[in-house]
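Visitor: sequence first, then the predicted structure:
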Amino acid sequence: MKLKMVLAGLKGAVQGAMFSRPEHLRYADVLSAAVEDGVLTEDELDEIRAARDAAGGEIPKAKKVAVFRQLRDAVLDDGVVTQDELESAQWLASILGITHDEAAGDLAKLETLMRACAISEGRAEPIDVGGVRLQKAEVACLKIDATLMGVKKRRVYVGGSQGVSFRIAKGVSYRVGAIRGHAETVEEDVVEAEGDLIVTTKRLIFSSLERSFTVALGKIVNVNLYLDGVMVHSESRQKPYFFLFPNNDGELFGAALSWAETQQA
């Protein structure tokens, strides 16, 4: 059991970080009792907190974080995060006195993966998509913030000059050899719209004030997924759609899209 293993590590951290005073040994003994079965009751949690407070003194920050990340790595090892495992991580952070800043990133990742697991297994509850109209028998499983990106072409001049200007007038002529630069076309990523990207059992839906459209799941031929964005290639469009995820929701999107594909007839 993952929690049992990590509690054993926490006991070792306590013993290694404190002097062998009775209250310190009591703290370690209480943790040992929790290690025995790996199941924590409310009474045991209260006893652990009381023993921790009575022991006084702090486990060094490096050891606290190391023990916490031991649990994080154990949870992530099988690629599945359950509600019990997330709560174990939250409990351990609380017991260790790890600050929000020290644990926030790890806890957020565990919560994201827990939601992703629930979505990919079809256990997630249908979500409210606001004013977006769904089709008959269509169910939405994810709505995330997304930025639709586009490409803008512009001309730039390279080679030391942007060209030569000369006045068109009687007696004025162009001097051969005056131009030293040349124009090239470059492409730049630009924001086209900011809105919601919704994954349903039938479509991808992008909804924003500037632009809204849908992509049928059956039309998607390839997906390039990143933690902070996705490129969706559709057979009905020459250029792919490129979305950025400001909240790094790539894991959620991938899980939602994978599950939605399994719902296709």
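Guide: That came through fine.

Visitor: so where's the stretch 1-150 of the chain uncertain?
Guide: 1-21, 24-25, 28, 31-32, 34-40, 56-60, 63, 67 (pLDDT under 70).

Visitor: quick one: the strands in it?
Guide: Remark: strands assigned in the stretch 1-150 of the chain by DSSP state E, counting those that start in this stretch are 140-158.

Visitor: for it, just list every one of the helices.
Guide: For the stretch 1-150 of the chain, helices defined by DSSP state H, counting those that start in this stretch occupy the ranges 2-17, 22-37, 42-55, 61-76, 83-96, 100-120.

Visitor: what sits against the nearest residue to Arg72 once chain neighbours are set aside?
Guide: Nearest residue to Arg72 in three dimensions, chain neighbours excluded: Asp106, at 4.9 Å (C-beta to C-beta, 6 or more residues apart in numbering). Heads up, the C-betas are built off the backbone N, CA and C, glycines and all. For Asp106, the contacting residues are 68-69, 72, 89, by C-beta atoms under 8 Å, 6 or more residues apart in numbering.

Visitor: Asn247 contacts Thr147, doesn't it?
Guide: No. Contact between Asn247 and Thr147 fails when scored by C-beta atoms under 8 Å: they sit 10.8 Å apart.

Visitor: the more surrounded of these two?
Guide: Between Asn247 and Thr147, Thr147 has the larger neighbour count (other C-beta atoms under 10 Å), namely 17 against 12.

Visitor: measure the more buried one to Ala104 for me?
Guide: 23 Å (C-beta to C-beta, to the nearest Å).

Visitor: cool, and Gln264?
Guide: Per C-beta to C-beta, Gln264 is found 37 Å from Ala104.

Visitor: comparing those two, which residue is more hemmed in?
Guide: Using other C-beta under 10 Å, the more surrounded residue of Gln264 and Ala104 is Ala104, with 12 against 9.

Visitor: is Ile198 bridged to anything, and to what?
Guide: Beta-bridge partners of Ile198, counted by DSSP bridges, are Lys143, Ile205.

Visitor: what's the separation between it and Glu138?
Guide: 10 Å.

Visitor: next: Ile98.
Guide: When Ile98 is compared with Glu138 (using C-beta to C-beta), they lie 42 Å apart.

Visitor: quick one: which of the two has more around it?
Guide: For the pair Ile98 and Glu138, the greater number of neighbours falls to Ile98 (19 against 15), based on other C-beta under 10 Å.

Visitor: count the neighbours of the closest residue to Ser212 other than its chain neighbours for me.
Guide: Nearest residue to Ser212, sequence neighbours excluded (C-beta to C-beta, 6+ apart): Phe206, at 6.2 Å. A count of nearby residues for Phe206, using other C-beta under 10 Å, gives 21.

Visitor: per-residue pLDDT of Phe206, please?
Guide: Here the pLDDT value assigned to Phe206 is 96.

Visitor: quick one, what contacts it?
Guide: 146, 148, 193, 195-198, 212-214, 241, 243.

Visitor: who wins for proximity to Lys153 among the helices of the stretch 1-150 of the chain?
Guide: For the helices of the stretch 1-150 of the chain, the distance to Lys153 is smallest for helix 100-120, at 36.3 Å, taking C-beta to C-beta.

Visitor: that closest one vs strand 140-158, what angle?
Guide: 110 degrees (axes from the mean of the first three to the mean of the last three C-alpha atoms, to 10 degrees).
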